[in-house]
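[1] Next come a sequence and a model predicted from it.
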Amino acid sequence: MSVRSGLMALLAEGEKYGAQLRSEFEARTGGTWPLNVGQVYTTLDRLVRDGLVESAGEPDAEGRIAYRLTPAGHAELGAWWGTPVDRTSTPRDELTIKLALAVTAPDVDVQRVVQTQRTATLRHLHDLTRLKRESLGRAEGAVEEGHRPDHIAHLDAVAEPRAAGDNGLAWLLVLENLVFAAEAEVRWLDHVETMLARRAVPAASSGDRARADPTGAGATGATGATGAGPASDITSTASRHQPAVVSSNPGGDHS
Amino acid sequence: MSSAPHVVMSDVTRIHGSGETAVTALAGVSLEIHPGELVAVMGPSGSGKSTLLNVAGGLDRPTSGSVSIGGDTLTDLGPRDLAKLRRRRMGFVFQDYNLIPSLTAAENVALPLELDGTRARQARRQARHTLDLMGLMDLSDRYPDQMSGGQQQRVAIARALVGSRRFVLADEPTGALDSHTGEEVLRVLRDRCDEGVAGLLVTHEARHAAWADRVVFLRDGVVVDTTGQRESPEDLLSAGEAAR
C-alpha cells in the first residue's frame, strides 16, 4: 500500500495536522510502518498538487495547517478500499534467496541454515504470542507485564497506548498478521527440510544419517574443520536437483 | 527456573518391532520439563511426536533410557504401580476431547478421582473446585452435547488436572478446533502451567507451539532443534543436553 492511501484514510475521518497524521498512522498500524515527518509533508504536498487534499484554512497561531480530503480525494479513497492489494510483484525476500543459493552452493549445510532460521522464527513467534497474550489480558483487565526482547521493543512502544485507547482490535490485527507471516515461514522451512530429506539417499533418513556419521563429514556447515571432506548428502543431492527444489517453491507460500 | 525438573526423560530410545522390520521411533531423546513449564513438541508426521508423548506419559515403555515423573522412575514400575501413577499424577488431553456423553462436565472431571477410589461426593466437590479455578463453573452441569468443541476441550483440561495432578500431556488438543477457539484452549493450558503445572504439548502448528516456553523439534526420532525463552544460563545448558 502507499502512505498516500493511508493518510487519505485518516483525513476522511476529519481535518488533521501533519504531525497528527504521522502519530495516528503509526498508532493505528501497530508501529509496523514508522513514518518521518518529512515523508508525511512530502506526501501531503503531492496530494494537494493532485487535488485530492486541501488545506482547511489559514495556519493557526502555531503555524500549523490542518488538511482535509477533497471530493476527488474521497472518490479515490473509495476506489482504494474497493480494490484488492496487488500481490503480483513478489517482494524480494532474503530468506528465499538465501535458501535458493544454499541448495546450490557446494559447502553449505542447508539443513543447518533451515534449522537456524526456524529456531529464530519460532522464537519470534513466541514473542509475538506473548505480546498477544498480554494484549488480550489487558482487554480483560488482567494486566501482565513481562520482559520485552529488544527486537520487538518497537512494537511494544505502540502496545502501550493501545492499552489506554480503544484501538486494541487494530493492534491485535497487526500482531496476528505478524503471527501468520511467522507461521507461514515455519511451514515453508519444514517443507524445504522435508523436500531435502526426501532427495537425500533414500536408504538413510536425515536423523539416522546425523547419528551414523560421527565424523561430521555429513554435516559440512556444522563442522567447518572438515571442509576438505565430501559435501553432505543433502547438499550434493539437493544440488543435483536444484531446479526442481526451486520450482516446487514458487514463492506461493511466502508472498 | 531453579526448581527441580518434574519430568525427566534421559536418552530415551523406542524401537518398534525387531530385526529387519525394526523402526526407530525415538533415538536417544533427552528432555526435562520443570513445574510451570509448557514444552511443545513439533515435527513432521512420523517424526516420533506421539511416541514421545506416550513414553513420557507411561503409556508406552522405552526400549532403552529412562523416564521419571516427580522423582519416580516409570521404567522401574510394574504395570499396577505405573497405572496408579498415571491415574494420580498426570492427565491426558486428546484431540477429540473424549468426554463421556452421559455425564455432565463436573461428573466427567470427577471421574478420574472416582476411578482412583475417591468418594463420589468428594470427587464432585474437587471437580467443581477445579472447574471454578479455571473459570468454567457455568459449564459444570452441562452435558458434552450441550457444549461447543472449545468448551469441551477446556473441560477435558480440567479433567486432566483435577486433584493433585501436576503433569498434563496434550496430543494435538486444538486439532479439531478453529484457530480462534484453539487459541482459547491454549490460553487455558498456558494459565495452568503458569500456576505450576508441567505441560507437554504435541502440535504441528507453529502458532500453537508458540504458547509454550520451549519448542522441541523432532525429526526421525531425534531432537534436531530446541528453542524458547530461558531464564538462566543453567536452563540454556539443560536445553543443550536435550538437543544433544
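    Received the coordinates, thanks.
[2] so residue 24, which of the three states?
    Defaulting to chain A. helix (DSSP: H, G, I helix; E, B strand; the rest coil).
[3] oops, I was thinking of chain B
    Under three-state DSSP, residue B:24 comes out as strand.
[4] That one and residue B:13 touch, don't they?
    Yes - applying C-beta atoms under 8 Å, one finds residue B:24 in contact with residue B:13, separated by 7.1 Å. For every residue, glycine as well, the C-beta is placed using N, CA and C.
[5] Quick check: residues of chain B near chain A?
    B:24, B:27-28, B:44, B:187, B:190, B:205-207, B:209-212, B:215, B:217, B:219-222, B:224-229 (C-beta under 8 Å from any C-beta of the partner chain).
[6] Neighbours of the closest residue to chain A within chain B, how many?
    Closest residue of chain B to chain A, C-beta to the nearest C-beta: residue B:220 (2.9 Å). Residues lying near residue B:220 (other C-beta atoms under 10 Å in any protein chain shown) number 23.
[7] do the same with residue A:2
    Residue A:2 has 9 nearby residues by other C-beta under 10 Å.
[8] Give me the pLDDT value at it.
    For residue A:2, the pLDDT comes out at 78.
[9] Give the bridge partners for the residue nearest to the spatial centre of chain B, please.
    Centroid check for chain B by C-alpha atoms, centre = their mean gives residue B:169 as the closest residue, at 0.9 Å. Beta-bridge partners recorded for residue B:169 (DSSP bridges): residue B:92, residue B:200.
[10] Name the residues of stretch A:37-51 that are buried.
    Within stretch A:37-51, the residues scored as buried using 16 or more other C-beta atoms under 10 Å in any protein chain shown are A:40, A:43-44, A:47.
[11] Show the average pLDDT along it.
    pLDDT averaged over stretch A:37-51 gives 93.
[12] now residue B:218, which residues is it bridged with?
    Applying DSSP bridges, one finds that residue B:218 bridges with residue B:223.
[13] Give the helix, strand or coil label for the residue nearest to residue B:163 when sequence neighbours are not counted.
    Of all residues not flanking residue B:163 in the chain, residue B:113 sits nearest, at 5.3 Å (C-beta to C-beta, 6 or more residues apart in numbering or on different chains). Secondary structure assignment for residue B:113 (three-state DSSP): helix.
[14] how close does residue B:113 get to residue B:89?
    Applying C-beta to C-beta, to the nearest Å, the value for residue B:113 to residue B:89 is 13 Å.
[15] same question, residue B:143
    From residue B:143 to residue B:89 the distance is 28 Å (C-beta to C-beta).
[16] quick one on the thing from earlier: neighbour count winner among residue B:24 and residue B:13?
    Comparing residue B:24 with residue B:13 by other C-beta under 10 Å, the one with more neighbours is residue B:24, at 21 against 16.
[17] what number of residues lie near residue 58?
    You didn't say which chain, so I picked chain A. Neighbours of residue A:58 using other C-beta under 10 Å come to 7.
[18] The intended chain is chain B.
    Neighbours of residue B:58 (other C-beta under 10 Å): 22.
[19] Let's verify it: helix, strand, or coil?
    Quick answer, by three-state DSSP: residue B:58 is coil.
[20] Next one: it, what pLDDT does it get?
    Confidence score, pLDDT, at residue B:58: 93.
[21] ok, it - contacts?
    Neighbour list for residue B:58: B:67, B:69, B:74, B:77, B:82, B:85-86, B:90 [criterion: C-beta atoms under 8 Å, 6 or more residues apart in numbering or on different chains].
[22] Could you find the closest non-adjacent residue to it?
    Per C-beta to C-beta, 6+ apart, closest to residue B:58 is residue B:74, 4.7 Å.
[23] what about the one you found, distance to residue B:40?
    21 Å.
[24] the more surrounded of these two?
    Comparing residue B:74 with residue B:40 by other C-beta under 10 Å, the one with more neighbours is residue B:40, at 28 against 21.
[25] Are we agreed that that one is in a helix?
    No - read with three-state DSSP, residue B:40 is strand and lies in no helix.
[26] ok, it - contacts?
    So residue B:40 contacts B:201-203, B:208-209, B:211-212, B:214-216 (C-beta under 8 Å, 6+ apart).
[27] so how far is residue B:55 from it?
    To residue B:55, residue B:40 is 17 Å away according to C-beta to C-beta.
[28] Please apply the same query to residue B:126.
    On the measure of C-beta to C-beta, residue B:126 and residue B:55 end up 29 Å apart.
[29] ditto for residue A:51
    From residue A:51 over to residue B:55 (counting by C-beta to C-beta), the distance is 71 Å.
[30] Show me the shaky parts of the chain.
    Here I'm looking at chain A. Scanning chain A for pLDDT under 70 picks out A:1, A:90, A:139-167, A:201-255.
[31] my bad, the chain I had in mind was chain B
    B:1-2, B:228-244.
[32] Helices along that one, start to end?
    B:49-56, B:79-89, B:105-115, B:120-133, B:149-161, B:179-194, B:206-209, B:233-243 (DSSP state H).
[33] which one of those lies closest to residue A:66?
    Set against residue A:66 and scored by C-beta to C-beta, these come closest in helix B:179-194, at 40.3 Å.
[34] re the thing from before, give me the more crowded residue out of residue B:113 and residue B:89.
    Shown here are residue B:113 and residue B:89; by other C-beta under 10 Å, residue B:113 has more neighbours (25 against 17).
[35] what sits against that one?
    Contacts of residue B:113 by C-beta under 8 Å, 6+ apart are B:122-123, B:126-127, B:162-163.
[36] let's go with 7 Å and repeat that
    B:123, B:126, B:162-163 (C-beta atoms under 7 Å, 6 or more residues apart in numbering or on different chains).
[37] May I see the PyMOL selection of the buried members of those?
    Only the buried entries of these go into this PyMOL selection, using 16+ other C-beta under 10 Å:
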select buried, chain B and resi 123+126+162+163
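[38] you'd agree residue A:10 is up against residue A:25?
    Yes - contact criterion C-beta atoms under 7 Å: residue A:10 and residue A:25 qualify, at 6.4 Å.
[39] Could you check which of those two has the larger neighbour count?
    The neighbour comparison of residue A:10 against residue A:25 (other C-beta under 10 Å) goes to residue A:25, with 21 against 18.
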